[in-house]
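In: structure for the following, please:
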Amino acid sequence: MINIFYHLSVSIDFSPLTNVLMTISEQDVDIIGNVQKAFSNFVKTGQALALLIGFIAGYMFRGFTSY
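Out: Residues are numbered from 1 along each chain as shown. Now for the predicted structure:
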């Protein structure tokens, strides 16, 4: 029984998984820097203003339609 599991585990090819893990470990991940860049892009492109206008318009629409 143990011999069957040994041959099964030896027959699995882990090279694609190893390549992915090596690629991930070689990258320099700066999560805080990425969040800062994404937020500054969010503000710079006007999406933050559009979100604020959407919240205000939605609140007003809700106020007009509720009784």
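In: look up how far Asp30 lies from Leu21.
Out: Distance of Leu21 to Asp30, given as C-beta to C-beta, to the nearest Å: 20 Å. Using the backbone N, CA and C atoms, a C-beta is placed for each residue, glycine as well.
In: show me the helices in the chain, by range?
Out: 2-11, 15-26, 31-44, 47-65 (DSSP state H).
In: least reliable of the ones you listed going by mean pLDDT?
Out: Ranked by mean pLDDT, these bottom out at helix 2-11, which scores a mean of 57.
In: re the thing from before, could you dump the helices of the chain into CSV and include mean neighbour count?
Out: Below are the helices of the chain laid out as CSV (neighbours: other C-beta atoms under 10 Å):
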stretch, mean neighbour count
helix 2-11, 8
helix 15-26, 9
helix 31-44, 10
helix 47-65, 10
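In: how about the backbone phi and psi for Gly46?
Out: phi 90, psi 10 (degrees, to the nearest 10).
In: for stretch 35-54, how far is the first residue from the last?
Out: 23 Å (C-alpha to C-alpha, to the nearest Å).
In: let me redo that: stretch 20-38
Out: Terminal residues of stretch 20-38 lie 25 Å apart, using C-alpha to C-alpha.
In: how about stretch 42-49?
Out: Start to finish, the residues bounding stretch 42-49 are 9 Å apart (C-alpha to C-alpha).
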